[in-house]
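[1] Return atomic coordinates for the entry below.
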Amino acid sequence: MASTNPTIHLSGLARRLVMDGLIGEDEAFKAHETALKKRQHFVSYLVENQILKSQDIAWSGAQEFGVPLFDLSVMDLESAPVNLVSEKLIRHHHALPLFKRGNRLYVAISDPTNLGAIDEFKFHTGVNTEGVLVEEVKLNKAIEIALDEMDTTMSDLMDADLDNLDVSAGDDENADGDVSESDIDDTPVVRFVNKVLLDAINRGASDVHLEPYEKDFRVRFRHDGVLHEIASPPRSLAMRIVARLKVMSRMNIAERRVPQDGRIKMNLSKNRS
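    Below is the predicted model:
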């Protein structure tokens with residue numbers, strides 16, 4: 001005779017919530033299925049729709065998976081290394097970098113089964129990553145605060161900084177080809193490239209990576225040995241951005257088959273360049 005145990009078809013966090021008497025089996029199944037269809041995290045769906053309280057979910061999760069529950073309200077988010085990953089990654093996985101100890105990054109998650117976030121953060125940062133269980137409501141608030149305070153995103157650079165930015169090419173003897181006026185004066189591209197270089201200088205980046213892919217284009221800085229994604233401009237701008245950098249460094253913009261060396265000098269102020 002088949003078992004009638006209401007939790008036999010549930011697993012992980014959902015099963016624990018039913019066992020703890022916080023939610024019925026049918027409602028748990030319905031919530032799980034709906035969350036999947038909406039491509040929403042299970043915990044986020046439960047809290048957003050006021051099915052369960054975030055603290056109850058967090059407590060059950062901590063008991064089920066034997067992990068400690070971290071109180072985000074005592075965390076100083078100004079010191080959180082949120083710039084290790086992009087805003088897109090944080091929002092997509094509903095997870096937030098909290099702190100880094102040696103070669104290990106600790107990431108706040110409200111669902112202990114959210115292993116995809118841990119794997120993705122490890123892939124993008126290149127360091128070992130460990131999840132830290134927190135309450136959903138507090139995680140939502142922390143994510144918004146942390147992203148609002150990100151002081152190294154491209155949109156945070158002030159126009160005044162750009163207006164004072166004097167960009168000149170490197171050594172004249174490195175010039176090897178004519179540059180069209182349209183490439184030099186493409187204002188959106190010029191401003192974007194200036195922002196990238198200024199941000200790299202301000203952050204003390206050792207390398208700037210421009211990485212065009214088949215459908216995407218991303219800009220990453222290397223800082224303290226770790227690559228940080230800081231912008232994802234439209235893929236259609238890739239060649240114009242590269243051309244602008246070639247113009248600034250007096251390289252041949254028509255040459256794409258062999259590596260070229262160039263130099264860019266940026267005068268930020270009278271005493272700094």
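[2] Walk me through the domains of the protein.
    Recorded structural domains for the chain (assignment: automatic domain parsing) are 72-148, 154-267.
[3] quick one: the shortest one to chain centroid distance?
    Think domain 72-148. Mean-position distance between domain 72-148 and its chain equals 9 Å (Cα atoms, centre = their mean, to the nearest Å).
[4] Next: the last one.
    Distance, stretch centre to chain centre, for domain 154-267: 21 Å (Cα atoms, centre = their mean).
[5] Let me have the domains of the chain in JSON lines, extended by mean pLDDT.
    Shown next, in JSON lines, are those (pLDDT from 0 to 100):
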{"stretch": "domain 72-148", "mean pLDDT": "89"}
{"stretch": "domain 154-267", "mean pLDDT": "71"}
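[6] measure the most centrally placed residue in the chain to residue 191 for me?
    By Cα atoms, centre = their mean, the chain has its centre lying nearest to residue 86, at 1.6 Å. Going from residue 86 to residue 191 by Cβ to Cβ, to the nearest Å gives 20 Å. The way it works is simple: take the backbone N, C-alpha and C, and place the C-beta from them, glycine included.
[7] can you check residue 33 too?
    Note on residue 33: its distance to residue 191, by Cβ to Cβ, is 47 Å.
[8] what about these two, which has more around it?
    residue 191 (15 against 10; other Cβ atoms under 10 Å).
[9] For the chain, which segments are assigned as strands?
    96-101, 104-109, 128-133, 166-169, 207-212, 217-223, 226-231, 264-267 (DSSP state E).
[10] which one of the ones you listed lies closest to residue 68?
    Of all the strands of the chain, strand 128-133 sits nearest to residue 68, with 7.1 Å by Cβ to Cβ.
[11] The closest one packs against which elements?
    When contacts are defined as 3 or more Cβ pairs under 8 Å, 6 or more residues apart in numbering; DSSP states H and E, strand 128-133 packs onto helix 54-65, strand 104-109, helix 115-125.
[12] Which residues does that strand contact?
    With contacts defined as Cβ atoms under 8 Å, 6 or more residues apart in numbering, strand 128-133 is touched by 58, 61-62, 65, 67-70, 95, 98, 103-110, 112, 114-115, 117-119, 121-122.
[13] Pull out the buried residues from that strand.
    Using 16 or more other Cβ atoms under 10 Å as the test for burial, strand 128-133 gives 129, 131, 132, 133.
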